[in-house]
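# Okay, predicted coordinates and the sequence, questions at the end:
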Amino acid sequence: MSELIRFGVSIDGDLLEKFDKQIEKKGYKNRSEAIRDLIRDHLVEEEWAKDEEIVGTITVVYDHHTPDLNQNMTHIQHSFTGEIKSVLHIHMDHHNCLEVLVVKGQGHLVQSLADQLIALRGIKHGKLTMTTTGEAIPSSAGHHANGHEHSH
């Protein structure tokens, strides 16, 4: 576990005001938590850019009455069996379904899977949400049970 280090940041007053409103809206307890999450988000994006092993979800909403859609989705998914770890399927109404695929693999393969699924005729909305395996991202070390940080 690494030590927690304090550092100062110079920032434009208007930008800080907007940031403070955003972190309050999102429920952060302090600026430090919000900045740590922004840094982690950036590190996750770097993992994806380097084509490292990543995890994420692909969410699609579609009309299951679209001709050949189910067959095409199944065909694509069978081409990526190593990357698909789990699938959640929900019947939302008479026409629409929601499917969430939990995926893990090289960034370019996961991106290709998402792109192919989202491009299918009948998909009303699709989104790839990327995250990390957690191996390259440090946790919130330095937090004590009482929520206080220590500094050196």
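Cool, got the structure.
# hmm, which helix or strand of the chain has the shakiest average pLDDT?
Every helix and strand in the chain was compared by mean pLDDT, DSSP states H and E; the lowest is helix 31-49, with a mean of 82.
# Can you list the strands that the helix or strand following that helix pairs with?
Next along the chain after helix 31-49, taking DSSP states H and E as the criterion, comes strand 53-63. Using DSSP bridges, the strands paired with strand 53-63 in its sheet are strand 96-106 (antiparallel), strand 123-131 (antiparallel).
# Buried residues in the next helix-or-strand element following strand 53-63, which are they?
Per DSSP H and E, strand 53-63 leads on to helix 69-79 as the next helix or strand towards the C-terminus. Counting neighbours by 16 or more other C-beta atoms under 10 Å, one finds that the buried residues in helix 69-79 are Leu69, Asn72, Met73, Ile76, Gln77. C-beta coordinates here come from the backbone N, C-alpha and C atoms, glycine included.
# got the contact list for helix 69-79?
Defining contact as C-beta atoms under 8 Å, 6 or more residues apart in numbering, one finds that helix 69-79 is touched by 62-64, 84, 87, 99, 101, 113, 116-117, 120-123.
# How is the protein divided into domains?
Recorded structural domains for the chain (assignment: automatic domain parsing) are 13-49, 53-131.
# Please work out which of those is packed deepest.
Relative to the other members of the domains of the chain, domain 53-131 carries the highest mean neighbour count by mean count of other C-beta atoms under 10 Å, namely a mean of 16.
# quick one: terminal-to-terminal distance for it?
One end of domain 53-131 to the other measures 10 Å (C-alpha to C-alpha, to the nearest Å).
# Now do it: distance to the chain's middle.
Distance, stretch centre to chain centre, for domain 53-131: 15 Å (C-alpha atoms, centre = their mean, to the nearest Å).
# what's the average pLDDT for it?
When the per-residue pLDDT values of domain 53-131 are averaged, the result is 95.
# got the CA positions of the least confident helix or strand of the chain in CSV?
Taking C-alpha atoms only, helix 31-49 is exported to CSV below (Å, rounded to 0.1, in the frame of the first residue of the first chain):
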residue,chain,number,x,y,z
ARG,A,31,-12.3,17.4,-3.9
SER,A,32,-9.7,14.8,-3.3
GLU,A,33,-12.1,11.9,-3.9
ALA,A,34,-13.3,13.5,-7.2
ILE,A,35,-9.8,14.2,-8.4
ARG,A,36,-8.7,10.6,-7.6
ASP,A,37,-11.6,9.3,-9.7
LEU,A,38,-10.8,11.6,-12.6
ILE,A,39,-7.2,10.4,-12.6
ARG,A,40,-8.4,6.7,-12.5
ASP,A,41,-10.7,7.4,-15.4
HIS,A,42,-7.8,8.7,-17.4
LEU,A,43,-5.6,5.7,-16.5
VAL,A,44,-8.4,3.4,-17.7
GLU,A,45,-8.6,5.3,-21.0
GLU,A,46,-4.8,4.8,-21.3
GLU,A,47,-5.2,1.0,-20.7
TRP,A,48,-7.7,0.9,-23.6
ALA,A,49,-5.4,3.0,-25.8
